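J.: Quick one, what's the 3D model for this:
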Amino acid sequence: MRKAAYRGYHRIENGGPPPPLSSSKGPWFEMQRKLAGTVAAPVLENPRPAACERGCRFFADEGCISRSEMAETGTAARFARNETIYAKGDEARFSYKVIEGAVRLSRIFADGRRQIVNFLLPGETFGIELSGEYTATAEAVGDVVALRCPRVCIAHLSEGDPDLSQKRLAMLSNALAAAERHVSMLGHQSARERVASFFMALEMERRSGDPQTLDLPLSRQDIADYLGLTIETTCRALSELKRQNIIATPSRRRIVIRDLKGLAAIAEGGD
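T.: Okay, here's the model as predicted:
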């Protein structure tokens, strides 16, 4: 069968009889190897994008990457509100670092229910997969600016640099720790405790200069889907925290923490 395919290919491409398959020299040697299925896919000698010639931005510390610098090098990716960055099951070609905005990672069940498995804020990374496919769908919560880096580039850099390899391992470790906290919350906490834990997580990742104010990266429905609750239950838990004077809600996208110790106690299962 391979002989027939080989001879047919030669007649179409060259219009003449092919040389014998037994030949192992000359210009036909590589073609014979391809037909035999022995030629591996080509390996890029330098998988790094031209934009990385000034140094890798993906592994840079937070605050070292400016929006204007990314625009100059062409490494910035911009996404509109609710735009899909990648879908679950897509080939995992890129990894990302959030520069501005917030990103949610979610999975959709067969009955249409959505579970948000994580949300990412500026300085956090996502899409660093160990398999060849993305395990969740990534969407922009609002307008998002992110640093996009090919996975082959990340692997190439981290394999040759122990410091970058350690940073890549830390990124994977952070994602695993976040998943463990989320599973623990969903399995053991009440609705009020889950909402309190969510606000405490935001407090730890504070981006506002006001020591009592939290800017909410997610909508009420997003928060409910992240906490594994209905939106009605989520709103009741918020109202209960407000009645206890633990928090205030001056707007739908802003929370004022009035009693941080009380909020932490509730998140830990206390009264």
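J.: G127 against T135, yeah?
T.: No: the pair G127 and T135 does not pass the contact test of CB atoms under 8 Å, sitting 9.7 Å apart. All C-beta spots, glycine's among them, are computed from the backbone N, C-alpha and C.
J.: Let me see the mean pLDDT of the longest helix along the chain.
T.: The longest helix of the chain (DSSP state H) is helix 162-188. Mean pLDDT, helix 162-188: 80.
J.: Go through that helix and flag the buried ones.
T.: Using 16 or more other CB atoms under 10 Å as the test for burial, helix 162-188 gives 164, 167-168, 171, 175, 178, 182, 185.
J.: Pull the most distant pair out of these.
T.: Checked with CB to CB, the buried residues of helix 162-188 reach their widest spread between L164 and M185, with 31.9 Å between them.
J.: Tell me how many other residues surround T249.
T.: Counted with other CB atoms under 10 Å, residues neighbouring T249 total 14.
J.: How is it assigned, secondary-structure-wise?
T.: When classified by DSSP: H, G, I helix; E, B strand; the rest coil, T249 comes out as strand.
J.: confidence score at the closest residue in space to it that isn't next to it in sequence?
T.: Distance criterion CB to CB, 6 or more residues apart in numbering; nearest residue to T249, sequence neighbours excluded, is I255 at 6.0 Å. On pLDDT, I255 comes in at 91.
J.: Bridge partners for I255, pull those for me.
T.: Counting by DSSP bridges, I255 is bridged to L214.
J.: any chance of the buried residues of helix 162-188 in a markdown table, with distance to S197 too?
T.: As requested, those are exported to a markdown table (distance: CB to CB, whole Å):
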| residue | distance to S197 |
| --- | --- |
| L164 | 33 |
| K167 | 27 |
| R168 | 28 |
| M171 | 23 |
| A175 | 18 |
| A178 | 12 |
| H182 | 10 |
| M185 | 5 |
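J.: Check the residues you listed against A196 and report the nearest one.
T.: M185 (10.1 Å).
J.: Surely that closest one is in contact with L227?
T.: Yes: taking contacts as CB under 8 Å, M185 lies within contact range of L227: 7.4 Å.
J.: okay, and the common contacts of the two?
T.: R194 (CB atoms under 8 Å, 6 or more residues apart in numbering).
J.: domain ranges for the protein?
T.: Following automatic domain parsing, one gets these domains for the chain: 2-35, 50-181, 189-267.
J.: Give the rounded mean pLDDT of the shortest one.
T.: In this model, domain 2-35 has a mean pLDDT of 46.
J.: so where's the stretch 151-271 of the chain uncertain?
T.: Applying pLDDT under 70 to the stretch 151-271 of the chain flags the ranges 157-158, 160, 206-211, 270-271.
J.: Try it again at 50.
T.: Along the stretch 151-271 of the chain, segments meeting pLDDT under 50 are nowhere present.
J.: Please identify which of G127 and T135 sits among more neighbours.
T.: Higher neighbour count among G127 and T135: G127, with 26 against 14, using other CB under 10 Å.
J.: distance between the ends of stretch 204-220?
T.: 20 Å (CA to CA, to the nearest Å).
J.: got the contact list for stretch 235-251?
T.: So stretch 235-251 is contacted by 191-192, 194-196, 199, 220, 229, 255-259, 262-263, 266 (CB under 8 Å, 6+ apart).
J.: Thanks a lot, catch you later.
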